[in-house]
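Trainee: Starting from these lines, generate the structure:
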Amino acid sequence: MTSANPTTSTLGQWRARAALLNPLAPVRRRFQRWWQARLPLHDTLTLTQRNVYILPTSSGWMLALTLIVLLIASINYQLNLGYLLTFLLAGSALIGMHICHANLRGLTLHLKAPDAHFMGTSTAFEIQLSSDRKSPRYGIALAVHGSGKEPHHWAWTDVPAQGQSSVQVAFKPERRGLHRVPTLTAETRFPLGTFRVWTYWRPAAQVMVYPAPETPAPPLPPGEPRAGGAGSTPTQGIGEFDGVRAYRRGDPLKLVVWKKAAKSLGTGTDDLVSRDAQQAQRQELWLDLARATLAEHEARVSRLTAWVLQADQLGVDYGLRLPNAEFAPDSGPAHKRNCLEALALC
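Mentor: Model (predicted):
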């Protein structure tokens, strides 16, 4: 009979529950919110003595305890070599403290503007570290500052003398919309690991999180008759918008949807799609939140996101109707970005 070891996820859930049961957890969270609110918002931060902190690590406290024991033993037994060893180790620790603090002090951190991404995926912020010092800096780590006992996912780098270095820090938001970049932390324990030098940084940049598209993507809705034009019965030959159809021999090359053709060739198929000029003149594609026949609001937003991506991939003009906004039929990267941002904020 064998017993299964607890998985990592189970341990994580147990630690989260233990943190919630901790009576000091609300006080700690309130203090962290108060402390972070006092930090200024800047996308560029220069580390000085005013915003760099230092404390001994567990190894540092153990070294201090060892030095006390060595000193007491040297005094009791009048050991000259014991005195020598004690003061040699103490001097090394003091020099290491100075080097550790100087390793982070004077560094300049700059956050590059993050790109928008879809909910459920991680985004990486690129941070540039610049140093004017004539000696290199080693063992510098950056991460998103967690709350409570959440582990930090450190990204390590070295900064050359009078040079620059870049590092990427991952962040995974849980909600769509416009989010401020979370508080970041940088630290170093170079050279001995007996002291921890760290700082907190609140960037002013914001990141747009698009809704997660529905998968698999449903077919596009039928086109609507153009204003002032006669409508026609929708033809859904390929299960997509009426303005495109399957390729027919003799179709002009300018009517071929080349984005769709490139994807088909990349997947090993030869399914070509052409624009139906006659249908496109009578029909226009409108993506309406009210036409997404789903019960939950988030599910309807995800379906419209999938429709926007599908219509953009096909290269057809499409409009977007939301309760608080409406975008006329258009195409292109700018129109796609505007529609996705509106869906993220609706």
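Trainee: Output the below-cut-off pLDDT ranges for this protein.
Mentor: The model of the chain has pLDDT under 70 over residues 1-22, 147-151, 227-282.
Trainee: At which residues are the helices of the protein located?
Mentor: 8-21, 25-37, 58-77, 80-104, 258-266, 277-282, 297-314, 333-345 (DSSP state H).
Trainee: Check those helices for me and report the most buried one.
Mentor: Of these, the one with the most neighbours on average (mean count of other C-beta atoms under 10 Å) is helix 297-314, at a mean of 20. Where you see a C-beta, it was placed from the backbone N, CA and C, and this is true even at glycine.
Trainee: returning to what we had before: for the helices of the chain, give me TSV that also has distance to residue 198.
Mentor: TSV is the format used below for those (distance: least, C-beta to C-beta, whole Å):
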stretch	distance to residue 198
helix 8-21	21
helix 25-37	13
helix 58-77	14
helix 80-104	8
helix 258-266	47
helix 277-282	59
helix 297-314	38
helix 333-345	33
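Trainee: Select, out of the ones you listed, the one closest to residue 201.
Mentor: Within these, the stretch nearest residue 201 is helix 25-37; the backing value is 10.1 Å (C-beta to C-beta).
Trainee: helices or strands up against the closest one?
Mentor: With contacts taken as 3 or more C-beta pairs under 8 Å, 6 or more residues apart in numbering; DSSP states H and E, helix 25-37 sits against no other helix or strand.
Trainee: Let's see that helix as CSV, backbone CA atoms only.
Mentor: The C-alpha coordinates for helix 25-37 follow below in CSV (Å, rounded to 0.1, in the frame of the first residue of the first chain):
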residue,chain,number,x,y,z
ALA,A,25,-2.8,38.6,8.0
PRO,A,26,-5.4,41.4,7.8
VAL,A,27,-3.0,43.8,9.7
ARG,A,28,-0.1,42.9,7.4
ARG,A,29,-2.2,43.4,4.3
ARG,A,30,-3.5,46.8,5.6
PHE,A,31,0.1,47.9,6.4
GLN,A,32,1.3,46.8,2.9
ARG,A,33,-1.5,48.8,1.2
TRP,A,34,-0.7,51.9,3.4
TRP,A,35,3.0,51.5,2.7
GLN,A,36,2.6,51.0,-1.1
ALA,A,37,0.3,54.0,-1.3
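Trainee: Distance from the chain centre to it, please.
Mentor: The chain centroid and the centroid of helix 25-37 are separated by 23 Å under C-alpha atoms, centre = their mean, to the nearest Å.
Trainee: likewise stretch 40-53?
Mentor: With C-alpha atoms, centre = their mean as the basis, stretch 40-53 stands 22 Å off its chain's centre.
Trainee: List the buried residues for it?
Mentor: 43, 45, 47, 52 (16 or more other C-beta atoms under 10 Å).
Trainee: Tell me which residues are up against that stretch.
Mentor: Residues outside stretch 40-53 that contact it (C-beta atoms under 8 Å, 6 or more residues apart in numbering) are 101, 104-111, 186, 197-205.
Trainee: same thing but 6 Å
Mentor: By C-beta atoms under 6 Å, 6 or more residues apart in numbering, the residues outside stretch 40-53 that reach it are 104-105, 107-111, 198-199, 201-205.
Trainee: Next: stretch 178-187.
Mentor: Contacts for stretch 178-187 (C-beta under 6 Å, 6+ apart): 36, 141-145, 173, 198-203, 205-209.
Trainee: 7 Å - rerun?
Mentor: Under the criterion C-beta atoms under 7 Å, 6 or more residues apart in numbering, residues 36, 104, 109, 111, 114, 125, 140-145, 169, 171, 173, 196-203, 205-209, 345 lie in contact with stretch 178-187.
Trainee: What is the nearest of the contacts of stretch 40-53 to residue 133?
Mentor: Nearest to residue 133 among the contacts of stretch 40-53: residue 107, at 8.5 Å, using C-beta to C-beta.
Trainee: how near is the closest residue to residue 205 other than its chain neighbours to residue 111?
Mentor: Of all residues not flanking residue 205 in the chain, residue 181 sits nearest, at 4.9 Å (C-beta to C-beta, 6 or more residues apart in numbering). Computed with C-beta to C-beta, to the nearest Å, the distance linking residue 181 and residue 111 is 7 Å.
Trainee: Since that was my last question, I'll sign off now.
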